[in-house]
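the amino acid sequence is not available; the structure is as follows:
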Ligand code: ADP
C-alpha cells in the first residue's frame, strides 16, 4: 500500500491550531525566519526571566533563613553578659568603692575581682565608673592599656546608663582602640545612683566565623556604618553618604577610626526584588545591589532586617551570578527546545504539505493515466478498425490487381491477335509468292527430269527446299508472336528487337514503299547484318517478345498513318538518355499527318481508335503502355507541333553492367530467318 495513501489526522488538541495555521497567508522565507527568531528569542527571554526570578526567590529564602541564624547568633553574643551588672551589684566591695573611691586596698580588691569575673565570663573587659565617668577599677588594671583613671563620661553608653539605667554601644575602644560592644548598667544603693559598671564584649569571634563562611554578611548601625562584616574591606565604611551632623556625632563619640573609615562602600541600589512594606533606610529589605563601582561589577541579592532590640541592620548579600548562569542555561534549554519544537512542527507541516502535494499529484496522474488509457483504447479501436478495413482493402486491391493482370494478359493477347489479323493478309501474300514459285519450280523440275536435264532439276529442288524452309520460319514466327509472354526480364539488345519488329512489318514496308531510316549509333555498322556486337549494343531490361510487340505496334500505327501520304518515311532512333544513363530511349517517328490534340488526350485509352471499323480495335497503344509499365519504362507521344508526323518515345531501363555480357549476341532464329528470307527473295527475284 502506498505510504501516501492518506494523511494521518491531527491529534484532537492540535486540530484547532493546525486549522488556524493552514488559514494563515503563506509568507516569505525571510518572514518565517524572522518569526522563528522572534519566537525563540521571546521564549528564551521568558525562560531566563522566570528562571532568574525562581532562583532569586530561592536565594531570598535561603538568605532569610541564614539571617535568622546570624541574627540570633549576634543577639546571643550581645545578651550573653546582660546578667553581669546585676551580678556585680551584689558585690559589696564595688558599692563601697563607689562610696570611697580613694581607698587603695578596696581598689585593689575590686580590680582583682573584676579580673576574675572577666576571665570566667570571657568578656573583653569589665570596669567600674563613678558618676563622673572616671574609671575607678578595671579588669585590665595591670595591663598597659588599663582603663583605671580614664574618663569615659563622653561615651554614649555611660550617658545612657547614667540617665536611663542601661547603655549599649558599639565602637572602638578609646584607650585600646579595639572594637567592642559596650554594655553599661547603673549601680544603685538605697535608691541612689552610685556609679556605672560597663562590660566590653568583643564580637571578633563572630566576625571571624562569618568570614570563614561562604556568605557575605554585614551589620550596619543606624547611620549605615558597617561595623561587623565578613568582607574586611567594608569595615567602618558606609552604605550611603553620611550627613555632616552624623559624621560630627561619630567623631565626638570617637566611635569609628582607621583607614577608609566612614567612606562609602559604593553599593548601588538597582531594584527591589520583592515587595516588602518594611522599607529600610539603607536599602529595601530584598533588593538587588551592584558591587562597588569601578571594579568588575558583581550584583548581589540583598536580604536585610533590623536586629531586634537595636537600631542595627543585619544584611545578607548573595552573588546573583550563579543564579543568572542557571537562568542562562534555562534560556538556552528553552531556546533549544523551542527551536526543536518549531523545527519539528515545521517539518511535520512541511511533510504533510509534501504528502498532500504528492497525493494530489498522484490523483492528477491517475486521472491523466485513466484519460490516456481511455484515449489509447479509443485510438486502438479506431486503429484496429482502420487496420481491418485496410486489410480488406489490400485483399480487394490484390484481387483487383489479379483481375487487372488477367485482363491485361487477355488484352495483350487480343492485341496480338488483332495484329496477326492485320498481318495475315501480308503473310498470305508472303506465303502465296513462294507457293506460286514452288508450283512453277516443281513443274519445271518435272519438265527438267523428263528432258533429262538432271542438274537443273536438282537446282530447282534445292530452291524449293529453301522456299519451304522460309515458309516454315514465317509460320513459326507467327506462332511465337502469338504465344503468351513470360514475365522474366532479361537483357535485350535494342537493335535486335528493332530488327525483329521491322522484319514482322517488312512486307508492308516494301508494299507501301516506306523508307526506313535507322539512327542507331553504335549498331550502325551491323545494321545490315542485324547482329550488333556486344560492346556496341544498347541492352535494356525487357522481355524480348513483349518489346518486339510494342515496337511492331508503333511501326504498324506509323504505317497506317502514312497511308496515302506523299512522303513515307519511318525513322527509328536509339539513344541513351544523356541526363540519366539508367535509361535507353527508342524514338519512332513517321511522316504521317501527326496527332491532333483531341486524339493525343485519349491516345492510351483502350478501344479508342480513329481508324475505320475493322481497321483497328483501339487497343494497340493501351496494351503497349501497359507492357512498357511492366518493363519499368515509359511510353509517350512526343509533342511534334513544329514538325509534321507523329513521334513516340519508348524509354526502357538499361540492363546492369554485369548482365550485359550475358546477352548472347549470336543471331537468333528470326535473324537467320530474316537472312534466309532475303537470300530466298534474291534467288526468287533472280
Ligand atoms: P488502333 O491502331 O487500333 O486504332 P491504337 O491504340 O494503336 O489503336 O491507336 C489509337 C489511335 O491513335 C489510332 O486510331 C490513331 O488515331 C492514333 N495513332 C496512333 N499512332 C499514330 C500515328 N503514328 N500517327 C497518327 N495517329 C496515330
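Received, thanks. Since this is a predicted model, take the numbers as computed values, not measurements.

quick check: closest non-adjacent residue to residue 169.
Spatial nearest neighbour of residue 169, excluding adjacent residues (C-beta to C-beta, 6 or more residues apart in numbering): residue 157 at 3.9 Å. Quick note: C-beta positions are derived from backbone N, CA and C, even for glycine.

so that neighbour, which of the three states?
Assigned by DSSP: H, G, I helix; E, B strand; the rest coil, the conformation of residue 157 is helix.

that one and the ligand, how far apart?
168 Å (C-beta to the nearest ligand atom, to the nearest Å).

wait, isn't that residue in contact with residue 164?
No - counting by C-beta atoms under 8 Å, residue 157 stays clear of residue 164, with 10.8 Å between them.

what is the burial count for the residue nearest to residue 169?
A count of nearby residues for residue 157, using other C-beta atoms under 10 Å, gives 25.

same question for residue 639.
Applying other C-beta under 10 Å, I find that residue 639 has 11 neighbouring residues.

list phi and psi for it.
The phi/psi pair for residue 639 (degrees, to the nearest 10) reads phi -80, psi 110.

with residue 257 instead?
Torsion angles, degrees, to the nearest 10, at residue 257: phi -140, psi 160.

burial of it, as a residue count?
15.

same check, this time on the one 5 residues further on
Residue 262 sits with 19 neighbouring residues when counted by other C-beta under 10 Å.

what's the answer for residue 308, then?
9.

which SS class is it?
coil.

what's it in contact with, if anything?
71, 75 (C-beta atoms under 8 Å, 6 or more residues apart in numbering).

state the pLDDT value of it.
pLDDT, residue 308: 84.

then residue 347?
What the model reports as pLDDT for residue 347 is 84.

if I look at it, how far off is residue 354?
According to C-beta to C-beta, to the nearest Å, residue 347 and residue 354 sit 10 Å apart.

how far out from the middle of the chain is stretch 74-83?
Its chain's C-alpha centre and that of stretch 74-83 lie 86 Å apart, by C-alpha atoms, centre = their mean, to the nearest Å.

how long is it end to end?
17 Å (C-alpha to C-alpha, to the nearest Å).

residues touching it, excluding its own?
Contacts for stretch 74-83 (C-beta under 8 Å, 6+ apart): 121, 123, 168, 181, 183, 199, 201, 203, 206, 219, 228, 307-310, 314.

that stretch: which residues count as buried?
Within stretch 74-83, the residues that count as buried by 16 or more other C-beta atoms under 10 Å are 74, 77, 78, 80, 81.

just give me the closest of these to residue 503.
Closest approach to residue 503 among the buried residues of stretch 74-83 (C-beta to C-beta): residue 74, at 163.4 Å.

tell me which helix or strand comes right after the helix or strand harbouring that closest one.
Assessed by DSSP states H and E, residue 74 sits inside helix 29-79. Downstream of helix 29-79, the first helix or strand assigned by DSSP H and E is helix 84-89.

quick check: mean pLDDT across the next helix-or-strand element following that following helix?
Remark: after helix 84-89, the chain's next helix or strand is helix 92-99, criterion DSSP H and E. Averaging pLDDT along helix 92-99 gives 91.

mind listing what's buried along helix 92-99?
In helix 92-99, counting by 16+ other C-beta under 10 Å, buried: 93, 94, 95, 96, 97, 98.

make JSON lines from these and add distance to the ligand to it.
JSON lines is the format used below for these (distance: C-beta to the nearest ligand atom, whole Å):
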{"residue": "93", "distance to the ligand": "186"}
{"residue": "94", "distance to the ligand": "182"}
{"residue": "95", "distance to the ligand": "186"}
{"residue": "96", "distance to the ligand": "189"}
{"residue": "97", "distance to the ligand": "186"}
{"residue": "98", "distance to the ligand": "185"}
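
does residue 306 have beta-bridge partners, and which?
residue 313 (DSSP bridges).

does it really touch residue 312, like I thought?
Yes - with contact defined as C-beta under 8 Å, residue 306 counts as touching residue 312 (6.9 Å).

in terms of neighbours, single out the busier of the two.
residue 312 (19 against 16).

element containing the spatially most central residue of the chain?
Per C-alpha atoms, centre = their mean, the C-alpha nearest to the average position across the chain is that of residue 354, at 14.4 Å. Under the criterion of DSSP H and E, residue 354 resides in helix 321-450.

this structure against the ligand: which residues are in contact?
553, 557-558, 561, 590, 592, 595, 599, 603, 608-611, 616-622, 646 (C-beta under 6 Å from any ligand atom).

out of those residues, name the ones that lie in helices.
553, 557, 558, 561, 599, 620, 621, 622 (DSSP state H).

now render these as CSV, adding neighbour count.
Supplementary listing: these in CSV, determined by neighbours: other C-beta atoms under 10 Å:
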residue, neighbour count
553, 25
557, 22
558, 25
561, 20
599, 14
620, 26
621, 23
622, 20
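
check contacts around the closest residue to residue 552 other than its chain neighbours.
Computed as C-beta to C-beta, 6+ apart, the closest residue to residue 552 that is not its neighbour in sequence is residue 501, at 4.7 Å. The neighbours of residue 501, taking C-beta under 8 Å, 6+ apart as the test, are 548, 551, 552, 555.

now render these as TSV, adding neighbour count.
Putting the contacts of residue 501 into TSV (neighbours: other C-beta under 10 Å) gives the following:
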residue	neighbour count
548	25
551	25
552	25
555	24
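
which of those lies at the shortest distance from the ligand?
residue 555 (9.3 Å; C-beta to the nearest ligand atom).

wait, that closest one sits on residue 570?
Yes - using C-beta under 8 Å, residue 555 is in contact with residue 570, at 6.5 Å.

shared neighbours, those two?
residue 588.

show me which residues of stretch 632-647 are buried.
Going by 16+ other C-beta under 10 Å, stretch 632-647 has these buried residues: 633, 635, 637, 640, 645, 646, 647.

figure out how far that stretch is from the centre of its chain.
Centre-to-centre, stretch 632-647 and its host chain are 72 Å apart (C-alpha atoms, centre = their mean).

rounded mean pLDDT for it, please.
The average pLDDT for stretch 632-647 rounds to 83.

and the end-to-end length of it?
21 Å.

do stretch 258-267 as well
20 Å.

got it, and stretch 237-244?
First-to-last distance for stretch 237-244 - C-alpha to C-alpha - comes to 15 Å.

surely residue 330 touches residue 51?
Yes - with contact defined as C-beta under 8 Å, residue 330 counts as touching residue 51 (3.5 Å).
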